[in-house]
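A.B. asks: Predicted model, plus sequence, below.
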Amino acid sequence: MSTTTEKLLAVTGNQAVAMAMKQLDPDVVAAYPITPQTDVVQTFSQYVADGVVKAEFVTVESEHSAMSACIGSAAAGARTMTATSSAGFALMWEVVYVAASLRLPIIMTTVNRALSGPINIHCDHSDSMGGRDSGWIQIYNEDAQEAYDATVMSFPIAEHADVRLPLMNMYDGFIISGAIGPLRPLSDETVKAFAGEQPVVRTLLKPDEPITVGPFDGLHGWYFEHKIAQNRAMEAALPIIQDTYDRFAEVSGRQYHHLMQYDMEDADVAIVVIGSAAGTARTVIKTLRDEGIKAGLIKIRTFRPFPTEEMARALSGVKAVAVLDRADSFGAQGGPLYLEVLAALYQKGVHTKTVNCIYGLGGRDLYPRNIEDVYRMLADAANGGDLPHSRVYLNMKGE
Amino acid sequence: MKWDISDIKDWGPGRHEPGAVIPEAGNAIAYKTGGWRTNRPVRDDEKCTQCLFCFFFCPDASVLLADGKVADFDLDHCKGCAICATECPVDAITMHPESEFRRKAE
């Protein structure tokens, strides 16, 4: 039985996500527009105005208010979604942590865009990477189809009794959010059935079972224990996310993993990357393989919780690895993705040569030739050469 | 309170409600804030006209009524903010340092 619709659509990433939101028809969407996320919520608000969905759309005066409204809504027991980008996410900061610590399964689309300054509206990952320690599950998507699929899969992950954490879905601003690509959507019935009903938990809107939400922890309280509980929920989420990916494959025919691996079976050299750059990297692999360079690629989908064991296993036979970061961590030993991969390798005793490449900041293009250069650098290292200890910047001007 | 927290000092991460939810309402009474007070309200029954302004204005519900009239202050919860004394239209409530009462007790 095919549960996908027969149509192959040409839509932007934002339209794909708005369509998934329409099919999910959550109880509440509270959002504030910001480039390049705007037409996610603009399109959804049009669905509300047209009566296509039953959702309550709450217009707010800022992203801080958007997330605050989402917290109230989710605490009241309503299925709640929002979307943001860049400075909007930064403005939410305080309450992003509150959503996670109150264990509210809010779903947020974060369309990746650079943080100021200089003021820049284009893609990089510094916004959501800055929120990697906020206690939200983070799923990164390569294209419109993945962003759509991830949105459909969100509630069953976030609302799972052992998880109960907010979840954010990312995709690259403009490159995916605004560019038209192919989308094979699922039928409304399939989406609704997959999302299922929200499990019953304690909420504010049960007068017979009153609760207190957001209490003061006192001076000698249990803040520490609650933080540990949050991290345990993150750890519990990792297999639940994979289960959800597997169940989704049964209805969609599209199988996802925490790490999507391409040509890794016999790879000597590998690139680890997040987001749309994976598509560019895949196009390069064939050229290199024709030249005899055994190139492979790992695309990270699940970043929080981080799939440590899978990463170490995937890289265990590889001689040289480049980790490509689309965000920097100033003063740290590398970008956030690089540090995460290094820690996984060290922890699992995998010894391989590594290098950190920074690319795409503020929307700087990443060309196939830039990725080819990285693979050739890795191939030299695999043959006994050394890799730079400091960051390698791809497509930098000047030097 | 129905929620049994008698041994909460020994609770580890797994025992707490997710999200620090307290599974009942009306529990602020168990949190005694009277110790925060440096000045204590004292009401002059002769000046008092029983207008109940203090009762309505008190942010901690610490003005206690009996038969619809102001009777006492709940000193377990009164933080000594003096809103009652400020709002009293006939100056029947005055604030006095807690040290005075401690001296009297001695």
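C.D. replies: Received the coordinates, thanks. Numbers count the residues shown, from 1 in each chain, chains lettered A, B, ... in the order given.

A.B. asks: switch to C-alpha atoms for all contacts and neighbour counts from now on
C.D. replies: Noted.

A.B. asks: Retrieve the pLDDT associated with the residue lying closest to A:D386 once chain neighbours are set aside.
C.D. replies: Counting by CA to CA, 6 or more residues apart in numbering or on different chains, A:D386 lies nearest to A:D380, which is 7.7 Å off, once chain neighbours are set aside. For A:D380, the pLDDT comes out at 98.

A.B. asks: so A:D380 is in which element?
C.D. replies: Per DSSP states H and E: A:D380 is located in helix A:368-382.

A.B. asks: Isn't A:V284 up against A:E372?
C.D. replies: Yes: applying CA atoms under 8 Å, one finds A:V284 in contact with A:E372, separated by 6.4 Å.

A.B. asks: Which single residue in the stretch 251-399 of chain A comes nearest to chain B?
C.D. replies: In the stretch 251-399 of chain A, the residue found nearest to chain B is A:P305; the distance is 18.2 Å by CA to the nearest CA.

A.B. asks: Excluding covalently adjacent residues, which one is nearest to the closest residue to chain B within the stretch 101-250 of chain A?
C.D. replies: Using CA to the nearest CA, A:L102 is the residue of the stretch 101-250 of chain A that sits closest to chain B, at 3.8 Å. Nearest residue to A:L102 in three dimensions, chain neighbours excluded: B:G19, at 3.8 Å (CA to CA, 6+ apart).

A.B. asks: so who does the one you found touch?
C.D. replies: The contact partners of B:G19, taken as CA atoms under 8 Å, 6 or more residues apart in numbering or on different chains, are A:101-104, A:213-214, A:226.

A.B. asks: Could you export the residues you listed as JSON lines, including secondary structure and pLDDT?
C.D. replies: Shown next, in JSON lines, are the contacts of B:G19 (DSSP: H, G, I helix; E, B strand; the rest coil; pLDDT from 0 to 100):
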{"residue": "A:S101", "secondary structure": "helix", "pLDDT": "97"}
{"residue": "A:L102", "secondary structure": "coil", "pLDDT": "97"}
{"residue": "A:R103", "secondary structure": "coil", "pLDDT": "98"}
{"residue": "A:L104", "secondary structure": "coil", "pLDDT": "98"}
{"residue": "A:V213", "secondary structure": "coil", "pLDDT": "92"}
{"residue": "A:G214", "secondary structure": "coil", "pLDDT": "91"}
{"residue": "A:H226", "secondary structure": "helix", "pLDDT": "96"}
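
A.B. asks: and A:I107, backbone torsions?
C.D. replies: For A:I107, the backbone dihedrals are phi -110, psi 130 (criterion: degrees, to the nearest 10).

A.B. asks: Same question for B:P13.
C.D. replies: Per degrees, to the nearest 10, the backbone of B:P13 is at phi -60, psi -30.

A.B. asks: neighbours of it, just the number please.
C.D. replies: If you count neighbours by other CA atoms under 10 Å in any protein chain shown, B:P13 ends up with 17.

A.B. asks: Excluding sequence neighbours, find me the nearest residue to it.
C.D. replies: A:E225 (4.4 Å).

A.B. asks: what are the ranges of the helices in the chain?
C.D. replies: Let's take chain A. With DSSP state H as the definition, chain A shows helices at residue ranges A:13-24, A:38-50, A:63-75, A:86-101, A:126-130, A:144-158, A:188-195, A:223-252, A:277-290, A:308-315, A:336-347, A:368-382.

A.B. asks: looking at chain B here, not the other one
C.D. replies: Going by DSSP H, chain B shows helices at B:53-57, B:83-87, B:98-105.

A.B. asks: counting contacts, what elements does the longest one pack onto?
C.D. replies: Under the contact criterion of 3 or more CA pairs under 8 Å, 6 or more residues apart in numbering or on different chains; DSSP states H and E, helix B:98-105 touches no helix or strand at all.

A.B. asks: Those residues of the stretch 151-300 of chain A touching chain B, which are they?
C.D. replies: Contact residues, the stretch 151-300 of chain A versus chain B (CA under 8 Å from any CA of the partner chain): A:202, A:209-215, A:225-226, A:228-229.

A.B. asks: With respect to pLDDT, which of these ranks lowest?
C.D. replies: A:P215 (86).

A.B. asks: Point me to the residue of chain B nearest chain A.
C.D. replies: B:G19 (3.8 Å).

A.B. asks: May I have the beta-bridge partners of the residue nearest to A:A278 when sequence neighbours are not counted?
C.D. replies: Once flanking residues are discounted, A:A278 sits nearest to A:K299: 6.2 Å by CA to CA, 6+ apart. Judged by DSSP bridges, the bridge partners of A:K299 are A:M260, A:V273.

A.B. asks: Show me how far stretch A:189-202 is from its chain's centre.
C.D. replies: 21 Å (CA atoms, centre = their mean, to the nearest Å).

A.B. asks: for stretch A:297-305, same thing?
C.D. replies: With CA atoms, centre = their mean as the basis, the mean position of stretch A:297-305 lies at 8 Å from the chain mean.

A.B. asks: Where does pLDDT dip in chain B?
C.D. replies: Along chain B, the model assigns pLDDT under 70 to residues B:1.

A.B. asks: Find the nearest non-adjacent residue to the residue lying farthest from the centre of it, please.
C.D. replies: In terms of distance from the mean C-alpha position of chain B, B:G14 ranks first, at 33.4 Å (CA atoms, centre = their mean). Of all residues beyond its chain neighbours, the one nearest B:G14 is A:A229 (6.6 Å), with distances taken as CA to CA, 6+ apart.

A.B. asks: count of neighbours near the one you found?
C.D. replies: Number of residues near A:A229 (other CA under 10 Å) recorded here: 21.

A.B. asks: Report how many residues lie close to the closest residue to B:A71 other than its chain neighbours.
C.D. replies: Closest residue in space to B:A71, ignoring its immediate chain neighbours: B:L65 at 5.1 Å, by CA to CA, 6+ apart. Other residues within reach of B:L65, judged by other CA under 10 Å, total 13.

A.B. asks: The residue nearest to B:P13 and A:A75: what is the separation?
C.D. replies: A:E225 sits 21 Å away from A:A75, going by CA to CA, to the nearest Å.

A.B. asks: quick one on the thing from earlier: mind picking the two most distant members of the residues of the stretch 151-300 of chain A next to chain B?
C.D. replies: A:E209 and A:I228 (26.8 Å; CA to CA).

A.B. asks: who's more crowded, those two?
C.D. replies: Neighbours per residue (other CA under 10 Å) separate A:E209 from A:I228, with A:I228 holding more: 15 against 12.

A.B. asks: Spatially, what comes nearest to the more buried one if we skip its sequence neighbours?
C.D. replies: A:I228's closest residue in space is B:P13 (CA to CA, 6+ apart), at 6.1 Å.

A.B. asks: Can you verify my assumption that A:G317 contacts A:V269?
C.D. replies: No: look at A:G317 against A:V269 with CA under 8 Å: they stay out of range, at 9.2 Å.

A.B. asks: now check stretch A:88-96, is it near chain B?
C.D. replies: No: Stretch A:88-96 does not reach chain B (CA under 8 Å from any CA); its nearest approach is 13.6 Å.
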